[in-house]
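Peer 1: 3D, please:
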Amino acid sequence: MDTSRYAALFFTESREHLAAMDTALLAIEQDRQVAHVDTLFRGMHTIKGMAAAMAFEAVEQVAHALEARCDPLRRGEVPLTDQEIAALFDGVDRLRATVDAAANGQTALAPTVAAPSSPPSPTNRRVIEIRLVADCPLPGVRAVLVLARVRSLLTVRSTQPPEATWAEEKFDGAFAITVEGDAEERVIVESVRGAGDVARVEVVDARDREAAPTQVARTVRIDASRLDALLDLAGELVITRDRLVRALEAVDGPPDRQVQRATRETARLISALHTEVLEARMLPVREVFDRFPRLVRDTARELGKEVMLSTEGQEIALDRSLLDAIGEPLLHLLRNALDHGMELPDDRERVGKLRSGQLVLRAARDRASVVIQVQDDGRGIDRDAVRTRAAAQGLIPDSMTTLSDEALLNVLAHPGFSMATHVSTLSGRGVGVDVVNTRVRALGGHLELETLAGAGTVFTLRLPVTLAIARAVLVRVGTSLYAIPAAQVVEVVDAEQRDLSPSRDAMQRETVTVRDHLMPLVDLAVLFDEEILPATDADGGQYLAVVESAGRRAALLVDGLVAQQDIVVKGLDPVRGGSHWFSGATILGDGTPALIVDVHRVV
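Peer 2: Here you go, the predicted model:
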């Protein structure tokens, strides 16, 4: 069987097992429970079996050596000392390096063929029914491993479906092996399960079994670029759907009933298709969060600090493209917390804190956004020190005596600004917060900061659930069209029926009262420097779009309402010195471009 087609899946699954092994190692280090050693052992054993099937001998040998080191630990013959745990960490790192080397073609060897073993004398006929786990990435290879184990115990007479078809994509991991020989059912079951990724195994008499194997639900791994292309095509279909509906509405006279019905059905199918594509791209944030526990542990040790990382909300789902993009910003924030935020253990004890610092990585839903936070209980950010250095660099006026959280973030995110006294492998070059802020803005989100001296710091990333499509309220401001995310629009009211008196709040902003609530009034024509045109009867007058973000409300003054519709969101690369009022752009059904208002910055 040609195994080259399975190489990419082997590396993907191996790295998933290595991530799980890192988690088990961290748990072992904390509570010294043998149950975690079993998890570690299973990961090693699975990688060894896959490597053997793929003829990656170096990977197989390292995994086997790790198994030998781990086996007496899980049986309780050797205690879980610091020395043994350190050896396990080193061994897993070596296994990871060997897998990566194999991925680069450095250890891929020609497959070897084992000599056939002499089968036992057949005395009885039974059938072994096997079903692999639903998400098994190498079902054909895994089935071959199972077959090899069965052959070591019994004489194999046939397989259903035939072994030659196991390499095909239609093979779903459900198969049966007809055997002859004497072996206890318990021994057969244990041997089959030992191949890994076996969901069910049952030994039945051949006379009592029907020929057809049990069918199971199938899952397919697909290259991410195909999903990206599919999403782009679905997005274009959404635009075409809107154009089709508009064209039908513009027809003089009553439209043909059959055409009208077909248009409605087409629109429904396109909407359903787009929804399914979006759902296919959604992944839990644990896909990113699981990368960091080992990194935090190793970095803290390098710095001589004791830090416990906890994660919350790992089941929150995000678009895959967003998950890919937030890994680097989170890495910068975690390193920043470890290097700058967390104190040394003795320093923490002196101020009445626990020696071990607490670092939290959490995700939560907030209306149409996902909120991701990096929180530490360290020393916090010294506002006076930051203000002094910022003033010395000309970033703020000398007259500014204090920095709010927002002003503090603006200083920290300035390119090249750093409070570090020397450059290390972790920080000191002044790019960390700048990179985070730039990347988050490019994703249509925004970054927030809260800090309290002596108590810690929280960085908050507010991100859209998906970058692909959103419901928006289209408004006219001056001569241009703009899109306001509908999830952040509380209501729209007639501006002429509101009190637009020039009262001001504590921040000297104009205010307006809507339903007995006083809120800031933002004239988008002034904010966006749009040409202000005289109103016409067709406009219907001005409107107030009441929006909310992060618990703050404001009334946006617009010159006209156009429609509420789904829009295909396109990223907007931030330009230094350019307008920061927009989070993205879209192309409407008639080809007209429109900028998407960043509500958080406007309010």
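Peer 1: Look at residue 343 and give its secondary structure.
Peer 2: Of the three states, residue 343 takes coil under DSSP: H, G, I helix; E, B strand; the rest coil.
Peer 1: Please report how far it lies from residue 310.
Peer 2: 18 Å (C-beta to C-beta, to the nearest Å). Just so you know, the C-beta spots here come from the backbone N, C-alpha and C atoms, and that holds for glycine as well.
Peer 1: between those two, which one's more packed in?
Peer 2: residue 343 (18 against 11; other C-beta atoms under 10 Å).
Peer 1: so who does that one touch?
Peer 2: Counting by C-beta atoms under 8 Å, 6 or more residues apart in numbering, residue 343 touches 305, 351, 353, 357, 378-379.
Peer 1: could I get the residues you listed as TSV with pLDDT, secondary structure and distance to residue 202?
Peer 2: As requested, the contacts of residue 343 are exported to TSV (pLDDT from 0 to 100; DSSP: H, G, I helix; E, B strand; the rest coil; distance: C-beta to C-beta, whole Å):
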residue	pLDDT	secondary structure	distance to residue 202
305	93	coil	52
351	93	coil	62
353	93	coil	56
357	94	strand	51
378	94	coil	55
379	93	coil	60
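Peer 1: Between all of those, which two are separated the most?
Peer 2: Pairwise distances across the contacts of residue 343 (C-beta to C-beta) peak at 14.6 Å, for the pair 305 and 351.
Peer 1: With neighbour numbers in mind, choose between these two.
Peer 2: residue 305 (20 against 9).
Peer 1: how about the strands of the stretch 201-350 of the chain, start to end?
Peer 2: 282-284, 307-312, 317-319 (DSSP state E, counting those that start in this stretch).
Peer 1: Mean pLDDT and distance to residue 337 added to those, as JSON lines?
Peer 2: JSON lines is the format used below for the strands of the stretch 201-350 of the chain (pLDDT from 0 to 100; distance: least, C-beta to C-beta, whole Å):
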{"stretch": "strand 282-284", "mean pLDDT": "86", "distance to residue 337": "23"}
{"stretch": "strand 307-312", "mean pLDDT": "92", "distance to residue 337": "9"}
{"stretch": "strand 317-319", "mean pLDDT": "85", "distance to residue 337": "22"}
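Peer 1: export those strands to TSV and tack on distance to residue 471?
Peer 2: TSV is the format used below for these (distance: least, C-beta to C-beta, whole Å):
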stretch	distance to residue 471
strand 282-284	17
strand 307-312	28
strand 317-319	16
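Peer 1: closest one to residue 150 among these?
Peer 2: Per C-beta to C-beta, nearest to residue 150 of the strands of the stretch 201-350 of the chain: strand 282-284, 36.1 Å.
Peer 1: May I have the strands that pair with the closest one, each with its orientation?
Peer 2: According to DSSP bridges, strand 282-284 forms sheet pairs with strand 317-319 (antiparallel).
Peer 1: who touches the partner strand?
Peer 2: In contact with strand 317-319 (C-beta under 8 Å, 6+ apart) are residues 278, 281-285, 326, 370, 463, 465-468.
Peer 1: Of those, grab the buried ones for ChimeraX.
Peer 2: Remark: buried members of these, expressed as a ChimeraX selection using 16 or more other C-beta atoms under 10 Å:
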select :278,281,284,285,326,370,463,465,466,467,468
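Peer 1: Now intersect the contacts of strand 317-319 with the helices, please.
Peer 2: Applying DSSP state H to these, the entries found in helices are 278, 281, 326.
Peer 1: CSV for those, including distance to residue 486 and pLDDT?
Peer 2: As requested, the ones in helices among the contacts of strand 317-319 are exported to CSV (distance: C-beta to C-beta, whole Å; pLDDT from 0 to 100):
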residue, distance to residue 486, pLDDT
278, 16, 80
281, 21, 81
326, 24, 88
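Peer 1: can you redo the residues you listed as a markdown table with distance to residue 253?
Peer 2: Putting the ones in helices among the contacts of strand 317-319 into a markdown table (distance: C-beta to C-beta, whole Å) gives the following:
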| residue | distance to residue 253 |
| --- | --- |
| 278 | 37 |
| 281 | 42 |
| 326 | 52 |
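Peer 1: between those, which is closest to residue 100?
Peer 2: So of the ones in helices among the contacts of strand 317-319, ranked by how close each gets to residue 100 (C-beta to C-beta), first place is residue 326, at 23.2 Å.
Peer 1: which residues touch the closest one?
Peer 2: By C-beta under 8 Å, 6+ apart, residue 326 lies in contact with 288, 318, 372, 439-440, 443, 461, 463.
Peer 1: most neighbours, which of those?
Peer 2: With neighbours taken as other C-beta under 10 Å, the top of the contacts of residue 326 is residue 372, carrying 27 neighbours.
Peer 1: residues in contact with it?
Peer 2: By C-beta under 8 Å, 6+ apart, the neighbours of residue 372 are 285, 326, 330, 361-363, 460-461, 463.
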